[in-house]
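# structure, please.
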Amino acid sequence: MMIQKTKSEIQKILKSERGIALMMIMTAIIILMAIYGEFTFDSKISRLKATNILDRSQAKLLAESGVQLAMARLKLYKEAFNYVENNPQAKAAVPGQLINQLWEVPFIFPIPVGEGANATVKETVKKFTDENLLEGEMKVTIQNISNRLNLNLLRVDVTKFDPNNTEAADDANNSQLNMSDTAISSDVSIDQSLFFLLKKQVEDKKEKDEAFEDRYSNLNYQELVTNLKFYMSDFQSMNQDPLAADAERDFEKVPLTPKYGPLGSASELYSVPGWNDELIELIQNEFSVYPTTQIDFNKVTSNMLKVLIPSMTDEQITDFFEYRDDAEKPHYFNTLPDFKAYIVDQAKVMDANPFDERMNMFSKKGISFGSNPNLFKIVSEGTYNRSVYTLVAYVVLPKPTILGQAQAGAAGAAGGNGGVAGTANAGAGGGAAGGATAAGAAGGGTNQTTQLQEPRIIEIQIN
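The predicted model follows:
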């Protein structure tokens, strides 16, 4: 009886629908929990994306504000420079370094306050921080990049050749560079300077890095310079070049059609056959693609100093920087005579006549010397929460030479013609300076002032 009763109870349980309903409810709950979890996850992701977009937008606004602040500081620098240039008494009393402080001091927000600051300074900074409308962090730096040689000077443009200028014609036809280190003493062309500095930098790095030496043991410096020259020069201008055929084959291997025009951005270097990150990094502090033809002795590098005065030994170069950058009493070289006094009279590296001849060689190539730059790199970084937005802007302040009123009329026509010659010699952005220089020469070269024009952005990069 007990066994029969147990069997009947089991049959009742199996026939009951209450168990099925329970299973269906539990299944539905599990499905709903999965849907809820997925919905919650998507909501969090969407909210996070919206927050990141908002933070990035705020960081972008901060970076853009930093660029505008830097441009305002460069405008102040322009006004101060022009005022001093127009007033001989002010020019004699105000050093260039004082004017440069208008742009060279970095700006950081929130403004950092050192522990040694007095209560008044801390209160002023706190008040400024509380009352301003900025949210987040901002870092703005302005760098002087005038002290670099313009790679666009490599460009050969047959349409701007002066048939009467035999020296320019010889430079264009003589593409074979001298591999001797002493060649830079007699040739200050951009071709030979690039060849010399690239070779020097590569050889120096080979001594320190065995892996680098293995990768570039058979590097052809002449080929690199020729390929770059072929990329930017007019097609017709390279027909007579004995190395053009080899360069053309290198471009066909890529394959890549040369631009046949001046470089507009440093990033174009990466597309030229043979050039890569490592090689470009070696020369990036000595060359640029922007319109600059000025060398600042207060910012000159050891490599550029070697180009200027090839006879300087490593010991003499070290002595120069120790003298110039003395922490207690720095010595500034604001003009070419200042530099000459050190090289000729104090360091006795060379005599006065050879020095003058050397500097005249650079002047004929359109390179000037001064301590007030006109080409800048602005780096503006905006930070909001975890978002960082960086803008890099390259800014030029055109720097023509202005004649006195009595001379301007007499030299006007010569200045107009000089603009064309200036463009041919200095590449992008060099025409105005070349024209003004030609006008100055026609007018006797006296009573001239240099006037900076409004700053303008020539390239901007987003990082």
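# poorly predicted segments of the stretch 351-463 of the chain, please.
Scanning the stretch 351-463 of the chain for pLDDT under 70 picks out 400-449.
# which stretches of it form strands?
Counting by DSSP state E, counting those that start in this stretch, the stretch 351-463 of the chain has strands at residues 368-369, 375-384, 387-396, 401-403, 448-450, 456-462.
# dump those strands to JSON lines, plus mean neighbour count and distance to Leu48.
C-beta: built from backbone N, CA, C; applies to glycine. Output for the strands of the stretch 351-463 of the chain, formatted as JSON lines (neighbours: other CB atoms under 10 Å; distance: least, CB to CB, whole Å):
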{"stretch": "strand 368-369", "mean neighbour count": "18", "distance to Leu48": "54"}
{"stretch": "strand 375-384", "mean neighbour count": "22", "distance to Leu48": "15"}
{"stretch": "strand 387-396", "mean neighbour count": "20", "distance to Leu48": "12"}
{"stretch": "strand 401-403", "mean neighbour count": "20", "distance to Leu48": "57"}
{"stretch": "strand 448-450", "mean neighbour count": "16", "distance to Leu48": "54"}
{"stretch": "strand 456-462", "mean neighbour count": "13", "distance to Leu48": "23"}
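# and the ones you listed: which comes nearest Ala28?
strand 387-396 (42.3 Å; CB to CB).
# and the angle for the closest one with strand 375-384?
With axes from the mean of the first three to the mean of the last three CA atoms, to 10 degrees applied, the angle from strand 387-396 to strand 375-384 works out at 160 degrees.
# need the contact partners of strand 387-396.
52, 55-56, 58-60, 62-64, 66-67, 70-71, 74, 145, 290-292, 374-383, 429, 455-463 (CB atoms under 8 Å, 6 or more residues apart in numbering).
# list the contacts for Val81?
No Val there; residue 81 is Phe. Contact analysis of Phe81 by CB under 8 Å, 6+ apart lists Ile99, Asn372, Leu452.
# that one: which element?
Applying DSSP states H and E as the criterion places Phe81 in helix 18-86.
# please apply the same query to Met138.
Going by DSSP H and E, Met138 is in strand 137-144.
# the following helix or strand past that strand packs against which elements?
Later in the chain than strand 137-144, the nearest helix or strand by DSSP H and E is strand 149-150. Using 3 or more CB pairs under 8 Å, 6 or more residues apart in numbering; DSSP states H and E, the elements in contact with strand 149-150 are helix 190-208, strand 287-288.
# okay, and the beta partners of the spatially most central residue of the chain?
Nearest to the mean C-alpha position of the chain, by CA atoms, centre = their mean, lies Lys377 at 5.6 Å. Beta bridges link Lys377 to Gln143, Tyr394, judged by DSSP bridges.
# contacting residues around it?
Counting by CB under 8 Å, 6+ apart, Lys377 touches Ile142, Gln143, Ile145, Val392, Ala393, Tyr394, Val395.
# go with 6 Å
Gln143, Ile145, Tyr394 (CB atoms under 6 Å, 6 or more residues apart in numbering).
# circling back to that earlier point, Asp345: which of the strands of the stretch 351-463 of the chain is closest?
strand 368-369 (17.5 Å).
# pull up the pairing partners for that closest one, direction included.
In the sheet, strand 368-369 lines up with strand 294-295 (parallel) (DSSP bridges).
# name the nearest of the contacts of Lys377 relative to Leu305.
Closest to Leu305, out of all of those and judged by CB to CB, is Ile145, at 17.1 Å.
# and the pLDDT for that closest one?
We have a pLDDT of 86 for Ile145.
# picking that back up, any chance of CSV for the contacts of Phe81, columns neighbour count and distance to Phe251?
Formatted as CSV, the contacts of Phe81 follow (neighbours: other CB atoms under 10 Å; distance: CB to CB, whole Å):
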residue, neighbour count, distance to Phe251
Ile99, 20, 46
Asn372, 22, 40
Leu452, 22, 40
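# okay, and which of these map to helices?
Using DSSP state H, the subset of the contacts of Phe81 located in helices is Ile99.
# out of the contacts of Phe81, who's nearest Leu256?
With CB to CB as the yardstick, the closest approach to Leu256 among the contacts of Phe81 comes from Leu452, at 38.3 Å.
# show me what contacts the closest one?
Neighbours of Leu452 in contact, by CB under 6 Å, 6+ apart: Lys78, Phe81, Asn82, Leu397, Lys399.
# go on, Gly66?
With CB under 6 Å, 6+ apart, Gly66 has these contacts: Met138, Val140, Ser380.
# ok, now with 7 Å
Met138, Val140, Ser380, Gly382 (CB atoms under 7 Å, 6 or more residues apart in numbering).
# just the closest of these to Leu228, please.
Of the contacts of Gly66, the one sitting nearest to Leu228 (CB to CB) turns out to be Ser380, at 30.6 Å.
# thought that closest one was touching Ala63?
Yes - counting by CB atoms under 7 Å, Ser380 touches Ala63, with 4.7 Å between them.
# look up how far Thr124 lies from Ala117.
10 Å (CB to CB, to the nearest Å).
# oh, that last question was meant for Glu85, not what I typed.
34 Å.
# what does Ile378 give?
26 Å.
# now do Glu328
30 Å.
# same drill for those two, tell me which one is more crowded.
Thr124 (14 against 4; other CB atoms under 10 Å).
# can you check the pLDDT for that one?
87.
# and it, which of the three is it?
helix (DSSP: H, G, I helix; E, B strand; the rest coil).
# equivalent analysis for the one 10 residues further on, please.
Per three-state DSSP, the secondary structure class of Leu134 is coil.
# what pLDDT does the spatially closest residue to it that is not a sequence neighbour get?
With sequence-adjacent residues excluded and distances taken as CB to CB, 6 or more residues apart in numbering, Leu134 is closest to Phe109, at 5.9 Å. At Phe109, the model reports a pLDDT of 90.
# nothing else from me, thank you.
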